[in-house]
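In: structure for the following, please:
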Amino acid sequence: MDTKQKFCERMKEAIYWAKVRGARFNDAVAFAQGALESRWGQSTLSNLYNNLFGIKAGSSWKGAVAELPTWEYTSAKGWYYAPAKWRVYRSWQECLLDYSGIISTLPWYKDALLYLDNADKFLKALLPAYDEPGWAYDPNYFDSVKNVGKEIEKMGYIKWNA
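Out: Model prediction:
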């Protein structure tokens, strides 16, 4: 089994477990974001700290923290390398539950919950809006996630419903 298949098998189980425990998100988007953000489970952040989505540890986070540098993007600076603090999880399942909690509680993500059955609309609702922050500021993020989602769909793990 190759790296991508291993990631998909493990992610399928983690999503099932999180959904049984009440997590709410679009499965295809979570699958594709997790694959993209974690480099198919091979990034240091996902491998050592079970953080699949690049979830940072802000001041409200009370759990363990890992400090690792990352690439950031702003329209003013473009891409630049910066230190960051990241949330640490005991498992991928715990990460998915937190991902769901973030989407459910932060007001700028709540619109995504209206589109649990539409991957395109769910993902668009996670992105920055004119007056709100978002999941990622990379101007190509939507296309990058969708392309990974389409790859996972071809592997037979998800259906990217748009």
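In: use CA for all of it now, contacts and neighbours both
Out: OK.
In: can you pull up the most central residue in this structure?
Out: Centroid check for the chain by Cα atoms, centre = their mean gives F53 as the closest residue, at 3.5 Å.
In: what residues are up against that one?
Out: F53 is in contact with 33-34, 37-38, 99, counting by Cα atoms under 8 Å, 6 or more residues apart in numbering.
In: same list (those residues) but as CSV, adding neighbour count and pLDDT.
Out: Supplementary listing: the contacts of F53 in CSV, determined by neighbours: other Cα atoms under 10 Å; pLDDT from 0 to 100:
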residue, neighbour count, pLDDT
Q33, 24, 98
G34, 26, 98
E37, 19, 95
S38, 21, 97
Y99, 19, 98
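In: neighbours around N26, how many?
Out: Using other Cα atoms under 10 Å, N26 has 22 other residues around it.
In: excluding chain neighbours, what is closest to it?
Out: Spatial nearest neighbour of N26, excluding adjacent residues (Cα to Cα, 6 or more residues apart in numbering): L116 at 4.8 Å.
In: got a list of what that neighbour touches?
Out: For L116, the contacting residues are 24-26, 122, by Cα under 8 Å, 6+ apart.
In: looking at those residues, which are in helices?
Out: Cross-referencing the contacts of L116 with the helices (criterion: DSSP state H) gives F122 as the overlap.
In: CA atoms of the helix or strand harbouring K19 as CSV?
Out: Remark: K19 resides in helix 3-20, with elements defined by DSSP states H and E. Coordinates of each C-alpha in helix 3-20 appear next as CSV, following Å, rounded to 0.1, in the frame of the first residue of the first chain:
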residue,chain,number,x,y,z
THR,A,3,1.6,6.5,1.2
LYS,A,4,-1.6,8.0,-0.2
GLN,A,5,-3.6,4.8,0.2
LYS,A,6,-2.3,4.5,3.8
PHE,A,7,-3.3,8.1,4.5
CYS,A,8,-6.8,7.5,3.0
GLU,A,9,-7.4,4.3,5.0
ARG,A,10,-6.4,5.9,8.2
MET,A,11,-8.4,9.1,7.5
LYS,A,12,-11.5,7.1,6.5
GLU,A,13,-11.4,5.4,10.0
ALA,A,14,-10.7,8.7,11.8
ILE,A,15,-13.6,10.5,10.0
TYR,A,16,-16.0,7.6,10.8
TRP,A,17,-14.9,7.7,14.5
ALA,A,18,-15.3,11.6,14.7
LYS,A,19,-18.7,11.5,13.0
VAL,A,20,-20.0,8.8,15.4
